[in-house]
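Participant: Here's a sequence, model it:
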Amino acid sequence: MSATVCNPCTLMRTLLACTTTLTVGTIANISTAIYIYIHDHTTDRLVRYSATSDGAGLVTVDLSDGQQYAEDHDYELYITLASATNIEEKVSFTINAVAYSCVALNFKRAYDNDDVILSAVQTLKLP
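Facilitator: Residues are numbered from 1 along each chain as shown. Here you go, the predicted structure:
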């Protein structure tokens with residue numbers, strides 16, 4: 001799907017609200033300290049996660065900090081270098097050979113048959 005008026009970023013496949021680890025994509029900077037920002041456009045809350053790209057530039061972020069992501073909110077994810085002097089100095093990242101400066105996210109709660117909320121390790125993908 002394409003961007004919307006409220007969020008100019010490309011929409012990714014819906015994620016589970018209780019995602020514990022998210023593989024974002026790759027950046028050109030290998031083994032580099034970075035920040036992954038998730039901006040809730042509905043509340044204007046901005047959450048920053050620290051991570052380090054691996055030796056191939058792969059970016060994975062630990063989301064198991066208890067942060068709650070709502071089903072009916074519009075989110076944006078982007079990356080900066082930890083050394084950036086401005087949070088708008090976005091680093092381009094690649095998902096399936098396509099470069100992005102940001103992506104739009106939506107979350108959905110899922111339950112097992114015992115009514116327990118499911119959590120998962122997930123990778124960003126186009127819908």
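Participant: which outside residues touch the host helix or strand of residue 78?
Facilitator: Residue 78 is part of strand 75-81 when elements are defined by DSSP states H and E. For strand 75-81, contacts defined as Cβ atoms under 8 Å, 6 or more residues apart in numbering pick out 7, 9, 24, 27, 29, 32-41, 59, 69, 86-91, 93, 101-107, 124. From N, CA and C alone the C-beta is placed, and that goes for glycine too.
Participant: How about stretch 93-101?
Facilitator: Contacting residues not belonging to stretch 93-101 are listed as 9-10, 12, 24-27, 59, 78-79, 90-92, 103, 124-126 [Cβ under 8 Å, 6+ apart].
Participant: Apply 7 Å and report the result again.
Facilitator: Outside stretch 93-101, the residues that touch it by Cβ atoms under 7 Å, 6 or more residues apart in numbering are 10, 24, 25, 26, 27, 59, 78, 79, 90, 92, 124.
Participant: Next step: those residues restricted to strands.
Facilitator: Among those, the ones falling in strands (DSSP state E) are 10, 24, 25, 26, 59, 78, 79.
Participant: and the third one, how many neighbours?
Facilitator: Taking other Cβ atoms under 10 Å as the neighbour definition, residue 25 ends up with a count of 22.
Participant: Okay, it and residue 49: tell me how far apart.
Facilitator: Distance, residue 25 to residue 49, using Cβ to Cβ, to the nearest Å: 15 Å.
Participant: before we move on, what about the fourth one?
Facilitator: To residue 49, residue 26 is 17 Å away according to Cβ to Cβ.
Participant: what residue of the chain is the furthest out?
Facilitator: What lies farthest from the middle of the chain is residue 114; by Cα atoms, centre = their mean that is 28.6 Å.
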